[in-house]
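[1] Build me a model from this:
(chains A and B)
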Amino acid sequence: MRRRERMMDDLDRDIREHIAMETQDNIDRGMSPEEARYAALRKFGNVTRVKEETRDVWSLVWLEQLWQDMRYALRMLRKSPGFTAVAVLTIALGIGATTAIFSVVDATLLHPLPYPKPEQLVSIIDDLPGVGAKDVGISVPEWHDLQRSGIFQYVSPVGGGSVNLTGSSQPERIFFGAVPPNYFALLGVKPQLGRSFDPDDRTPGFTLEVLISDGLWKRAFGGDPKVLGRNIRLDNDLYQIIGVMPAGYRDPGRTTDQRNTEMWAAAGFAGPPAPPPQRNLRILPEAIARIAPGLTVASAQSRVDALVSSLRKEYPEDYPLQSAWKVRLVPLKESVVGDTRQSLILLFGAVGSVLLIGCVNVANLLLARASARGREMALRQALGAARKRLISQLLTEGLLLSLVGGMAGLAILFCAKGFLVRLVPDSLPRLNDISISWGVLLFALGASLAAGLIFGLTPALHSGRADLTHAFKQEGRGSTGSGEQARTRRVLVVTEFALSLVLMIAAGLLLRSFWDLLKVRLGFNPQTVMAVRTWLPDPNDPETDIYRTPAQQAPFLREILRRGRTLPGVEEVAIGDLAALPLGHNPTDLNPQALILEGREIPGKQAPLVDATMVTPSYFGLLGMTLLRGRLFAEFDDEKAPGAAVINDTFARVYWPDGDPLGKHLKLENARGTTSDPSWITVVGVIADARTESLAESGDPKIYLSLFQRQAKDLTIFLRGRLDLGATPVQLREQVQAVNPELPVFGAQTLNEIVSASLSVRRFSMEMVGLFALTALLLAGLGIYGVISYIVSARTHEIGLRLALGAQRGNIMSQVLRQGLSLAIAGAAVGFVGALIVSRLMAGLLYSVRPTDPVTFAGVAILLVGVALLACYLPARRAMKVDPIAALRHD
Amino acid sequence: MSTKEQRERIELLQGTLDLLILRTLLLGPAHGHAIAKAIEFNSDDVLQVEQGSLYPALHRLIKRGWISADEGTSENNRRAKFYRLTAKGRRQLAVETGKWDKLAGAIAHILRPAEQEGES
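    The predicted structure follows:
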């Protein structure tokens, strides 16, 4: 382009010079200057035309041809509006759906970490494989060792939890992160207002400075810029706001709560409320780090391994050989994305297959049209059109179709965006907002072009090979087109059927898994139960905590239970901690406790960890949990009575495999080491296992303690009865706040909602894959219908002849059906192989169904063949009804 | 209508003109006016090239890489473009000359069959 412009610029001057030279020559020959110039101009010719022709030399011929092809293609598309509409709609749906899923994949899998240099970010996970413990958290001295090791730029342990924010109109419960002052320096994010923590701050406890999220700033402080320096109370402790994080900033976390952190407080984790640092006290649940520049995750890991083995030699007391302490570095991206990766990849594969099937369908339509246009193509070729030009013409038509389709798809997507984003479950990890970004637009463009190439190329390659004489001879008479073309169309239909079969089987397996999960025995009864949450403040200074001991907390609990029972419709009330909310808590909400059994050695000095749940006596009855042996908690298991525990069946089988657990004594020590209760607890009862952690997994060992004997801060109030979803939570809030107006009451949900929400990602992928599979089936049905009806209409003459010669109508029909069926069966056979591979890959997404589930495979195959038969039946009937006289006269 | 006719005429001339330009440049680099003059002079003024049509031809040859253009100063101190034959152009000239000889021979053969027969 540049060269062309430069050449044209010079041309003006050259022409001027040329005429000047010629004029000079003429003057030298004795002409008068005026005459000389006139003669020179005449000899030169038309200056404007010369310039135009020279410009043409440099003009881009292909661009003009493209323009020509475009205009021709547009004309062709306008001429057959029906075909155009079907093709554009197919592509629009394909591109729209694929782009929609891609935007989800883009936000969650491809760019899950909206921070600078995300590849340097890792999550640090400590395991004790020797005692079978994973992800045990890290201790403060270990954190300091890692920070000093030079392997990382920054290491930040991340703690946090719920906290009561008071001072605004309504006490609020928010999720806060307890982070070291280097946290935002590590992530590389700056606040939009105010300042961040000083990364070099060495305060042992909380610095009493907080940063708040943009959302909280707007919600609780009206977006007031004077919020900086304002004092707020968190669990009764006074903090000062020093900054507001930018809108759209989200914490990297493994749970939805963590990702929705709204406030960050800086702490050194070495002073109150944390206990004095101790090497074996793993008070920090997890840590993230940014590895030093120049190191890869692998090289950092090998240096961490060296550090770990030298620490184990240096502190043999704290790291007993048997526990085999290990530190793993996992790319933060992976730990954030977690196990949704498989679902999303499956989904993307499914939607991609639908697009592919759509392309195949359009290719089929184009091919059918190409054979109808065979005469036109042959004529153009005979008139001297180069094969290359014909192919480019057909390709242009294909690309134009796909681009128009792509644009229509994007338009649909833009309109339906809000609706689609709501379909995506909240539990899907995404720190980035799902949006139609440039990347997504680029993807849509790329997908459209690829689609256009796929279905444009098929007929284009065929037309190039057209045999002129053959085409002229054949056209006019009915024919099945060239044999090669018919073969291609059959291959396309087989491809469609194979792809649909794979999709249908994937959807079938997911559906069966989901169905089985819905039918799973929960071990508790979620009907007519509502859970409402509250949170007792946990101030840093224990002296200001009015609910510090079980004895201080018990009167409050009894008052809530009493008031709860007075609410309209309520039949039963119970209170538990957050872990007591079946399927409604995160793994981080559990209270892992070190278990010490009376009269037994602690294996390898590392006590096993069990999850303890605190509940009031009415809890088991309210949830309908089954007592197997012994007794449940009773009113007399109060703060003055000796400690009692109810365990689940798994717990009993693991720790007393052949003995009776009833009456046995045990101790539970807080694994995070903040408190230890010296008194023995007696096992009083065994209940049946319940699916409280996940519908798909039968339980881990669980131990229940009386809430009157061991206090908890994060409380769940359970209500059973004929409840009003709107009114009951409000009435309950009034009652709770009548006891203590500083308490937030939030998160009201029915247990049925919670159970159903725990399946949200599964439901989402099942529904999506199912939808795509149905679309695929429909498209494949249309595809086979198109091919068979084309074959029938092309063979009308032959069929008529055969009928006239005495062929049975039934034979004609069954022959057509056989033809369709053989295509469907060939497709199904190819699809089976694909389905076996795909179903094995998605084994992790299945529940109780084997990847080779014969029922699903057989059912889907039958369905597919049924659809094929139905699709072929209509053209077959047309074939049967051919009037031999009309068919023969037609020629 | 008239432009169409003219275009056709130019197209007929095209190959010939290209050949003449290449042949002229074989003697050394020259600017546009000099090329026109040389063609007129060497053909004893039989070929009256419309000088303007030289320029599209020159540009076409540049695009094909058969000649190149450099800035230079003409004999009477004017800035002008000097065109020069490239190695590729030299090879092309040989090919085109060969073709032309064949064509000319064939046409001559058709136009004066008797003469030819008589000679043989």
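[2] can you map out the helices along the stretch 601-750 of chain A?
    Using DSSP state H, counting those that start in this stretch, the helices of the stretch 601-750 of chain A run over A:619-623, A:649-655, A:727-739.
[3] Please give me every residue in contact with the residue of chain B found nearest chain A.
    Nearest to chain A in chain B, going by C-beta to the nearest C-beta, is residue B:52, at a distance of 3.5 Å. Where you see a C-beta, it was placed from the backbone N, CA and C, and this is true even at glycine. By C-beta atoms under 8 Å, 6 or more residues apart in numbering or on different chains, residue B:52 lies in contact with A:15, A:44, A:45, A:46, A:47, A:49, A:50.
[4] Could you find the closest non-adjacent residue to residue A:523?
    residue A:690 (2.8 Å; C-beta to C-beta, 6 or more residues apart in numbering or on different chains).
[5] Tell me where chain B has helices.
    With helices called from DSSP state H, chain B shows them at B:2-25, B:32-42, B:54-64, B:87-111, B:113-119.
[6] highest average neighbour count across those?
    helix B:54-64 (a mean of 21; mean count of other C-beta atoms under 10 Å in any protein chain shown).
[7] Give me the residues contacting that helix.
    Contacts of helix B:54-64 (C-beta under 8 Å, 6+ apart): A:7, A:11, A:14-15, A:50, A:53-54, A:56-58, B:10, B:14, B:17-18, B:21-22, B:32, B:35-36, B:67-69, B:83, B:89, B:92.
[8] chain center to it: distance?
    Relative to the centre of its chain, helix B:54-64 is centred 11 Å away, using C-alpha atoms, centre = their mean, to the nearest Å.
[9] Could you do stretch A:80-96 as well?
    For stretch A:80-96, the distance to the chain centre is 28 Å (C-alpha atoms, centre = their mean).
[10] okay, the helices of the stretch 601-750 of chain A in a markdown table with mean pLDDT next?
    Listed next are the helices of the stretch 601-750 of chain A as a markdown table, based on pLDDT from 0 to 100:
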| stretch | mean pLDDT |
| --- | --- |
| helix A:619-623 | 93 |
| helix A:649-655 | 90 |
| helix A:727-739 | 89 |
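[11] what's the most buried one of those?
    The most buried one of those (mean count of other C-beta under 10 Å) is helix A:619-623, showing a mean of 21.
[12] Who are the packing partners of that helix?
    strand A:570-577, strand A:714-721 (3 or more C-beta pairs under 8 Å, 6 or more residues apart in numbering or on different chains; DSSP states H and E).
[13] Quick check: residues of chain B near chain A?
    B:3, B:6, B:10, B:31-33, B:36-37, B:50-53, B:55-56, B:59-60, B:62-63, B:69, B:74, B:76, B:78-81 (C-beta under 8 Å from any C-beta of the partner chain).
[14] can you rerun that using 7 Å?
    B:32-33, B:50-53, B:55-56, B:59-60, B:63, B:78, B:80-81 (C-beta under 7 Å from any C-beta of the partner chain).
[15] hmm, back to that, report the separation between the residue nearest to residue A:523 and residue A:580.
    Residue A:690 is 11 Å from residue A:580, where distance means C-beta to C-beta, to the nearest Å.
[16] Show me which of these two is the more surrounded one.
    Set residue A:690 next to residue A:580 and count neighbours by other C-beta atoms under 10 Å in any protein chain shown: residue A:580 wins out with 26 against 23.
[17] of the contacts of residue B:52, buried ones?
    Neighbour counting with 16 or more other C-beta atoms under 10 Å in any protein chain shown marks A:15, A:44, A:45, A:47, A:49, A:50 as buried within the contacts of residue B:52.
[18] ok, which pair from those residues is furthest apart?
    Using C-beta to C-beta, the buried ones among the contacts of residue B:52 span at most 11.6 Å, a distance reached by A:15 and A:49.
[19] my guess is residue A:279 contacts residue A:141, does it?
    Yes - using C-beta atoms under 7 Å, residue A:279 is in contact with residue A:141, at 4.7 Å.
[20] picking that back up, go through the contacts of residue B:52 and flag which are in helices.
    Within those, residues falling in helices by DSSP H are A:15, A:44, A:47, A:49, A:50.
[21] And the fourth one, what's its pLDDT?
    Per-residue confidence (pLDDT) for residue A:49: 81.
[22] quick check: domain ranges of chain A?
    A:2-59, A:129-324, A:340-518+A:760-889, A:538-741 (automatic domain parsing).
[23] Now render the residues of chain B next to chain A as a markdown table, adding distance to residue A:629 and pLDDT.
    Converted to a markdown table, these look like this (distance: C-beta to C-beta, whole Å; pLDDT from 0 to 100):
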| residue | distance to residue A:629 | pLDDT |
| --- | --- | --- |
| B:32 | 110 | 85 |
| B:33 | 115 | 85 |
| B:50 | 114 | 75 |
| B:51 | 114 | 80 |
| B:52 | 111 | 81 |
| B:53 | 110 | 82 |
| B:55 | 106 | 87 |
| B:56 | 103 | 85 |
| B:59 | 100 | 86 |
| B:60 | 100 | 85 |
| B:63 | 95 | 84 |
| B:78 | 114 | 74 |
| B:80 | 110 | 79 |
| B:81 | 105 | 83 |
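[24] Spit out the contact partners of residue 71.
    In the absence of a named chain, chain A is used. By C-beta atoms under 7 Å, 6 or more residues apart in numbering or on different chains, the contact list for residue A:71 is empty.
[25] not what I meant, chain B
    Residues near residue B:71 by C-beta under 7 Å, 6+ apart: B:79, B:81.
[26] ok, it to residue A:57 distance?
    20 Å.
[27] With residue A:580 instead?
    According to C-beta to C-beta, residue A:580 stands 84 Å off from residue A:57.
[28] tell me how far stretch A:446-463 is from the chain's mean position?
    That offset, for stretch A:446-463, works out to 30 Å (C-alpha atoms, centre = their mean).
[29] cool, stretch A:153-173 as well?
    The answer for stretch A:153-173 is 27 Å, by C-alpha atoms, centre = their mean.
[30] now the residue most central in space within chain B, nearest residue through space, not along the chain?
    Computing the C-alpha centroid of chain B and ranking residues by C-alpha atoms, centre = their mean puts residue B:20 first, at 2.2 Å. Once flanking residues are discounted, residue B:20 sits nearest to residue B:39: 5.2 Å by C-beta to C-beta, 6+ apart.
[31] Would you point out the helix or strand in chain A whose mean pLDDT is lowest?
    helix A:468-474 (a mean of 56; mean pLDDT, DSSP states H and E).
[32] Please identify the buried residues of the helix or strand just after that helix?
    Tracing the chain C-terminally past helix A:468-474 and defining elements by DSSP states H and E, one meets helix A:483-519 next. Within helix A:483-519, the residues scored as buried using 16+ other C-beta under 10 Å are A:485-486, A:488-490, A:492-514, A:517.
[33] Do me a favour and average the pLDDT over helix A:483-519.
    86.
[34] who does it touch, helix- and strand-wise?
    Other helices and strands packing on helix A:483-519, by 3 or more C-beta pairs under 7 Å, 6 or more residues apart in numbering or on different chains; DSSP states H and E, are helix A:340-372, helix A:438-464, helix A:760-794, helix A:809-841, helix A:854-880.
[35] do that again at 10 Å, thanks
    helix A:340-372, helix A:438-464, helix A:751-757, helix A:760-794, helix A:809-841, helix A:854-880 (3 or more C-beta pairs under 10 Å, 6 or more residues apart in numbering or on different chains; DSSP states H and E).
[36] where's that helix relative to the chain centroid, distance-wise?
    With C-alpha atoms, centre = their mean, you get 23 Å for helix A:483-519.
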